[in-house]
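Undergrad: here's my sequence, what's the structure:
(2 chains)
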Amino acid sequence: MADPLGVESDEEECRICEGEYVVLKRGEVYKSVQVEKRKKVIFEKQWIFMDNAVGQLYGSTFEVDSGGILNLRKPKQDEDSTDNKEAGLDNRHIVDDGKSQKLTRDDIESLKEQGLKGQEIIQQLIDNSTTFKDKTEFAQEKYIKKKKKKYESNVTVLKPSCRILAMMYHGREPGKICHLRYDTLAHMLTMGNIHAGSKIIVFETCAGLVLGSVMERMGGHGSVVQMYPGGGPVRAGMESFGFPSHFHETLHEFPLCKVNALLSGTLNLDEKDMDSQSNDSADKEKSGSSQVSSGGGEEGSSEPQSMEVSLDPAEAKKREEREKLREQKAQEKKAKLEEKRKRLAAAAALLEGRNADGLVIASRFSPCSALLCLLKFVAPSRPFVVYCQYREPLIECYTKLREQGGAISLRLTDSWLRHYQVLPNRTHPVLLMSGGGGYLLSGITVAAAASGAQQKSSEPAAKRIKLDEITSTADSSA
Amino acid sequence: MSFVEYSEFIKEGDVVIIFLGHESMMPIKVEAGAQTQTRYGAIRHSSDLIGRRFGSKVTCSKGGWVYVLHPTPELWTVNLPHRTQILYSTDIANITLMLDLKPGSVVCESGTGSGSLSHAILRTIAPSGHLHTVEFHAQRAEKAAQEFRDHKVAHLVTVRNQDVCKEGFGVVGVADAVFLDIPSPWEAIVHAKKAFKRKGGRLCSFSPCIEQVQRTCETLLEQGFGEICTLEVLQRVHDVRSVTMPLVYLGPEDGGPESAKMTTDPAAEEARPVANPGYQSVTCRTATPPREMAGHTGYLTFATKPRG
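TA: Predicted coordinates for the structure are as follows:
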């Protein structure tokens, strides 16, 4: 495993290539971008050209210069050069009069324009602060940290992962992922027993983040069927993972509007409704464009007849080319439709077996009807997990599943997450914490009960279990 | 059956989870001819289990019935024989995500303990990853190795019986992730550092006490680890139920005498079901927290080992 060849190939995988998806990081801020040469990227109100990142190792940190060009930073450069021996004992002499900093806003701006680096600006700020030396050691550290965040322009380029993207979305655009917090996503993947080689149904409206996370855990083995509402599947978040192409071969999609048809066996895979619809719009487009071109032709035909004849060879050639192009386009469209139908058939075949190994739902839609419907495609003794930003819709799911049977070990949960500042003699929880990360309903499918009445009668009995009974049965099994 | 691959039917030698109802479960190893007693009566392995589909209902000798479930690392966590304090799914989920685990990852873990986390790691890194797990207690190491064989994941794991603080993980330059759940994690960090691949990786240390976290973080910083982050995560369970609450009686609405209301609309009042005689009530479907819950398991400290 540790042979030199392995290390070599390992090394190649760690280099940033053009076209790849990467994540930019500064402090706690992340942004997903695709590496393209000569293309501007905005990160933290700053223009950046990714050109110089190409060929460098993942995890490298760059300094952004005033032209947006990345310059590789040598590791171990981020040690504080600002070693200040002088420090106060407490803050009794520090008065907030707004006069402690002698540099004005304009002064700082002009320093920036002179091309001073972040580190140098911070040193200037310290030198021009009348109160810095009276601050306690801790307060000085805090001051430098705060200023660093403001004036340093370092960017670290990371390889995307479920962790990084989940934290990125949660930090930047929680609305796009239904406020799904990363620890809740972690719990979904674990409770769903997502692993290589399984067949998982995913219904999400979290920009493709949940889909991508499921695919990452499957490592390109097995299959994923994405159930999508509306016109087509949303996958931007999944694309940001930058999966190798063979991962995409495991991904299928199926429209939710055809689920009932599939369940009742009335799904017609050769049906023309989808095709004819898109054909109609294509026809309209075509007729529109032909009108324009014929309009142009009419202008030409207003010229004397003889002219038209004399133009004929060139015009005919053009027309022929146009015709060819149109035919080609029609062919392509037809091939695309054929491809789409094939994909639909493949997804339908995966679902029809009704033997999926798991179901993951995380959407802005009311979950109950989708859950009850999609559970029919899951084999018995498989886990399922439903995320909802709110608790009540999951209470409804819980109640309906209890009535209907076919699922056991139902649990409605949410999680509480707190970060800590760990410093010598100053360890405490971080002042701000997330108020909530959404709710989860998890459970396990079982073979459908023969009669609902029997299922119900079992419930009270189950609750009457005494502790000694459990231990005695456990003992007898050992 | 395997902990890293689903099967449809129960075979001899499988481990199955018997679901007795409402959080009551037990694991059994399926052996032809054997019997297992439950409070609903005996389960005969040959006739009741072998060849049956996972998830089906099995009727026991006393007429009661149970479900037989396919094992998963999560079911194992709540059913395994405790040899030590174990990690539960909430912490496991976050460890798995924050360590960037996926199929193919190579992971070093210490201690193995009762194998709760080990099973979850194996599930995630299969089919091409590997787990190197180190346990200083000889009997525990042997038991864990036996379980990995029984659960058909032995090909994905190497169990070593040694002290990680003194002898390390027994491998160098192979790991994508390192997990520590030992009393003095700071003593193992130099070994952890050596275990990582050249390109680096992610480390997690689980400690119940803040003093342990303090020392661990100091050592991580000294050893050049970055992105050091300590967090705590708890799971809250919401018990779904219907609750009925009586409505307070505020007297007749129009300010008239009480008798006037009684005469104007006596039928409506009688028609409603009342929990308490004399009071109307409302029923709502809600979820309540448990009377007690796990309020602390441990602090999770994560860090990134940079390249080099």
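Undergrad: now the residue most central in space within chain B. Nearest residue, chain neighbours left out?
TA: Geometric centre of chain B, nearest residue: B:Ser89, 2.6 Å, by C-alpha atoms, centre = their mean. Excluding the flanking residues, the one nearest B:Ser89 by C-beta to C-beta, 6 or more residues apart in numbering or on different chains is B:Glu74, at 5.3 Å. From N, CA and C alone the C-beta is placed, and that goes for glycine too.
Undergrad: can you tell me the SS state at the one you found?
TA: What DSSP: H, G, I helix; E, B strand; the rest coil gives for B:Glu74 is helix.
Undergrad: my guess is it meets A:Pro383, correct?
TA: Yes - using C-beta atoms under 8 Å, B:Glu74 is in contact with A:Pro383, at 7.3 Å.
Undergrad: quickly list what's touching both of those two.
TA: Residues touching both B:Glu74 and A:Pro383 by C-beta atoms under 8 Å, 6 or more residues apart in numbering or on different chains: A:Met191, A:Asn193.
Undergrad: the helices in the stretch 251-400 of chain A, which residues?
TA: Counting by DSSP state H, counting those that start in this stretch, the stretch 251-400 of chain A has helices at residues A:259-264, A:273-301, A:305-352, A:367-374, A:392-404.
Undergrad: care to break chain B down by domain?
TA: Chain B breaks down into these domains under automatic domain parsing: B:15-71, B:76-233+B:295-305, B:239-288.
Undergrad: most tightly surrounded among the ones you listed?
TA: Comparing these by mean neighbour count (mean count of other C-beta atoms under 10 Å in any protein chain shown), domain B:76-233+B:295-305 ranks first with a mean of 20.
Undergrad: gap between it and the chain center?
TA: Relative to its chain's centre, domain B:76-233+B:295-305 lies at 15 Å (C-alpha atoms, centre = their mean, to the nearest Å).
Undergrad: compare the helices of the stretch 251-400 of chain A and say which comes out lowest on pLDDT.
TA: Of all the helices of the stretch 251-400 of chain A, mean pLDDT reaches its minimum on helix A:273-301 (a mean of 41).
Undergrad: what's the neighbour count on the residue of the stretch 151-300 of chain A at minimum distance from chain B?
TA: Using C-beta to the nearest C-beta, the single residue of the stretch 151-300 of chain A nearest to chain B is A:Gly219, 2.8 Å away. Per other C-beta atoms under 10 Å in any protein chain shown, the neighbour tally for A:Gly219 reads 23.
Undergrad: now it: how far from B:Gly226?
TA: From A:Gly219 across to B:Gly226, the span is 26 Å (C-beta to C-beta, to the nearest Å).
Undergrad: pull the distance from the helix or strand where A:Arg411 lies to the chain's centre.
TA: In the assignment (DSSP states H and E), A:Arg411 maps to strand A:407-421. Here strand A:407-421 is found 21 Å from its chain centre; the criterion is C-alpha atoms, centre = their mean.
Undergrad: list the helices and strands it packs on?
TA: helix A:182-191, helix A:392-404, strand A:428-429, strand A:439-445, strand B:226-246 (3 or more C-beta pairs under 8 Å, 6 or more residues apart in numbering or on different chains; DSSP states H and E).
Undergrad: how about TSV for those, with distance to B:Val190 added?
TA: Output for the helices and strands packed on strand A:407-421, formatted as TSV (distance: least, C-beta to C-beta, whole Å):
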stretch	distance to B:Val190
helix A:182-191	29
helix A:392-404	46
strand A:428-429	28
strand A:439-445	39
strand B:226-246	16
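Undergrad: out of the ones you listed, nearest to A:Gly230?
TA: helix A:392-404 (19.7 Å; C-beta to C-beta).
Undergrad: and the closest one, what's buried?
TA: In terms of neighbour count (16 or more other C-beta atoms under 10 Å in any protein chain shown), helix A:392-404 has its buried residues at A:Pro393, A:Leu394, A:Ile395, A:Glu396, A:Cys397, A:Tyr398, A:Thr399, A:Leu401.
Undergrad: can you narrow these to ones near chain B?
TA: Among the buried residues of helix A:392-404, the residues lying close to chain B (C-beta under 8 Å from any C-beta of the partner chain) are A:Ile395, A:Glu396, A:Tyr398, A:Thr399.
Undergrad: out of these, who's nearest B:Ser116?
TA: A:Tyr398 (26.6 Å).
Undergrad: what bits of chain A have low per-residue confidence?
TA: For chain A, the stretches flagged by pLDDT under 70 are A:1-12, A:75-85, A:271-311, A:449-478.
Undergrad: okay, now the domains of it?
TA: A:14-76+A:155-161, A:105-152, A:162-265+A:347-478.
Undergrad: which one is residue 181 nearest to, not counting chain neighbours?
TA: As the question left the chain open, I've gone with chain A. Closest to A:Arg181 by C-beta to C-beta, 6+ apart is A:Gly437, at 2.9 Å.
Undergrad: oops, wrong one, chain B.
TA: Leaving aside its chain neighbours, B:Asp181 sits nearest to B:Phe206 (4.4 Å; criterion: C-beta to C-beta, 6+ apart).
Undergrad: direction included, what does the strand or helix carrying the one you found pair against?
TA: Per DSSP H and E, B:Phe206 falls inside strand B:201-207. Partners of strand B:201-207 in the sheet, by DSSP bridges, are strand B:177-180 (parallel), strand B:299-305 (antiparallel).
Undergrad: just the angle between that strand and strand B:226-246, please?
TA: Here strand B:201-207 points in a direction 50 degrees away from that of strand B:226-246 (axes from the mean of the first three to the mean of the last three C-alpha atoms, to 10 degrees).
Undergrad: so what touches strand B:201-207?
TA: The contact list for strand B:201-207, computed with C-beta under 8 Å, 6+ apart, reads B:87, B:91, B:95, B:98-100, B:175-181, B:185, B:189, B:192, B:213, B:216, B:220, B:225, B:298-305.
Undergrad: look up how far A:Leu209 lies from A:Gly237.
TA: Per C-beta to C-beta, A:Gly237 is found 4 Å from A:Leu209.
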